[in-house]
Each structure stands twice: as C-alpha cells, then as structure tokens.
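Participant: Give me coordinates for this.
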Amino acid sequence: MSTPIQARRLDVTGMVRVARERVVARIREAEVVAAALSAGRNVLLEGPPGTGKTTLLRALADGAGVPLVLVEGNAELTPTRLVGHHDASRVLSEDYRPENFVPGPLTRAMTDGAILYVEEFNRVPEETMNVLLGVLSEREMHVPRFGRVTARPTFRLVAAMNPFDAVGTARVTPALYDRSCRVAMGYQDEDAELAVVAAATGGPGPLVGRSVRSVRITRDHPELRIGSSVRGAIDTVLIAVELATVRGHGADEDSTGLDAALAALTGKVTLADGATRPVEDVVADIWRRAGEELGKG
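Facilitator: This is a model prediction of the structure:
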C-alpha cells in the first residue's frame, strides 16, 4: 500500500551500537526493535513497568540520530492534546491563523521526523487511538483550521503498554496491531537485574543481591497480585545506603535493609484479592526469605 511520503530507512547499525553501550542484557529486543524501525514499521512494546522500555527507546533514537517525543498515555490524552490547538487568546484578536497554532506531541513528532513514544498506550481514549490509526495508515493528518500535516520520512510510532494491568485500560484494536509490529519485553533474568541495580546504585554486593532477590519473589508471591519491577531493588539499595550513613553501620545490616525494603517496596506491590495480612508483613517476610535463600538470614 502506498503512502504520501514513504518512511525512510533508519541507521539500524547505529541504533544497535548505542543500545549495546547503554542497555543491560536487552540486545535481542534492541536488535528486533531497531530492525523494525529501520524498515519503516511502527512498534508496540508490551511488558510490565521497569523493564527498560524507555531506556531502550532513548538509546535507539540517539543511535538513529532522530528526536524522541515522549507522551504519557492516560484518559486525559484527548485528540486535541495529542494533535495541538489554536492559542485561544490570539484567536480572539487574530482569528484562526497557522501561526497561532500550538502543536501537540503528535504534530511535533511528524514535522520533526521524530519517534513518538506513547507510554501506557492502552489507557488512551479510543478517539485518540483513532487519530493515531489514521496517521499510521496515511502518514499525514488534516487539522481543522490549520491544514494538512505530513510526516517526515523518519517519523515512527512506538507504543508501550502493560498487558498485565487491566484496570482503567482499553482494548487495543486489531487495526492498530495490524499496522504495527509487536515486541514483548518481560522481566530480565536475575544476573541482568543484578547488573542493572549495581550500575544504578554502586551499592554493596550483598545488599544488591538481596534486594534483587526480594523483588523477584514479589512477582510470583501468592499474597501479591502485582509485584515490583527492578526499580524496587534500586530504591531499596539507595535508601539502605543513606540509612546506614545516618545509623553509623553497614548498609547490608539486616534492620537497615528491612526498613529500606519496606519504604521502597510496599508502594510498588499490590495485594492479591483476599489477602488478609498488611502489605508491610508480606514485604518483611519476603525480605527475610530472600536473606535465607542467599544464606544471609
């Protein structure tokens, strides 16, 4: 199917090179996403939060030498907020003119030839999804009282969503899947998460190991419906290091690690339906279990 302006191939080698430098243990996903973008395809990234989707996209955009425009997907992302609007104060004195149009992220991405990255895509209202569907089909859109906006050849859409979150989300239509390539990004293995947390925190090895093991336990714990991403381990280590400074002992001291884990994890996990214990008790047990598994409890 022809389009008004065909997508131009991106520098797939440059994208993968930068991703290798910046992203831990995501080479397969980096190569696949880079290849899809270079081939002129749009991408749906599916995976839970904290799996490195934004970090990966920033690296790929830099490697391709194109801008990255980020949009937070939510129920407030109306077509007007996505596309843009005329400055109301100027309209009163000047009437509708192209120069008083304030472009939204979609218009900016199209005219700049950027990668438009929409997070939490399945929280976007259906009418907003339909605007994007039209752009994916034609690589252009008509904006009332402004005119036609045509996408530059390097414009791409990457949409990310958490398939495990069904609260406040909408179904992505088959038409959008048909016009995109889907790449799944699950949690990394333990060695990769250890490398991520060590690089992000510089914390002591035993504390990093216990923090990572704890967040991994949360993901299949029977009393939790939603577990923590690797951000929970990063926060645990950073808080424990600061607590240790205040308390004057090692960051991997058990009570300090537990207090840090309670602060870092209790807001990042969700109790399962029917769970009877407070989330603090569940996290405390997970912290102790992680220590026992690693021979530190």
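
Participant: can you give me the end-to-end distance of stretch 66-79?
Facilitator: Terminal residues of stretch 66-79 are spaced 24 Å apart (Cα to Cα, to the nearest Å).

Participant: What lies in contact with it?
Facilitator: 10, 54, 57-58, 61-62, 82, 105-106, 108-109, 112-125, 127-128, 131, 154, 159, 161, 168 (Cβ atoms under 8 Å, 6 or more residues apart in numbering). For every residue, glycine as well, the C-beta is placed using N, CA and C.

Participant: State the phi and psi torsions of the nearest residue to Gly209 once chain neighbours are set aside.
Facilitator: Closest residue to Gly209 apart from its sequence neighbours, by Cβ to Cβ, 6 or more residues apart in numbering: Leu294 at 5.8 Å. Main-chain torsions, Leu294, degrees, to the nearest 10: phi -100, psi 0.

Participant: Can you give me the neighbour number for Leu294?
Facilitator: Look at Leu294: counted by other Cβ atoms under 10 Å, it has 14 neighbours.

Participant: Check the gap between it and Ala261 for me.
Facilitator: Applying Cβ to Cβ, to the nearest Å, one obtains 14 Å for the distance of Leu294 from Ala261.

Participant: Go ahead and confirm Glu293 touches Arg216.
Facilitator: No - with contact defined as Cβ atoms under 8 Å, Glu293 does not reach Arg216; the gap is 10.0 Å.

Participant: higher neighbour count, the two?
Facilitator: More neighbours surround Arg216 than the other of Glu293 and Arg216, with 22 against 15 (other Cβ under 10 Å).

Participant: How about that one, nearest residue that isn't a chain neighbour?
Facilitator: Glu190 (6.3 Å).

Participant: and the one you found, what pLDDT?
Facilitator: You'll see Glu190 listed with a pLDDT of 96.

Participant: for whichever strand or helix holds Leu57, packing partners?
Facilitator: Secondary structure from DSSP states H and E places Leu57 in helix 53-64. For helix 53-64, the packing partners by 3 or more Cβ pairs under 8 Å, 6 or more residues apart in numbering; DSSP states H and E come out as helix 12-22, helix 27-38, strand 68-72, strand 115-119, strand 156-161.

Participant: could those be laid out in a markdown table, adding mean pLDDT?
Facilitator: Shown next, in a markdown table, are those (pLDDT from 0 to 100):
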| stretch | mean pLDDT |
| --- | --- |
| helix 12-22 | 94 |
| helix 27-38 | 95 |
| strand 68-72 | 95 |
| strand 115-119 | 95 |
| strand 156-161 | 93 |
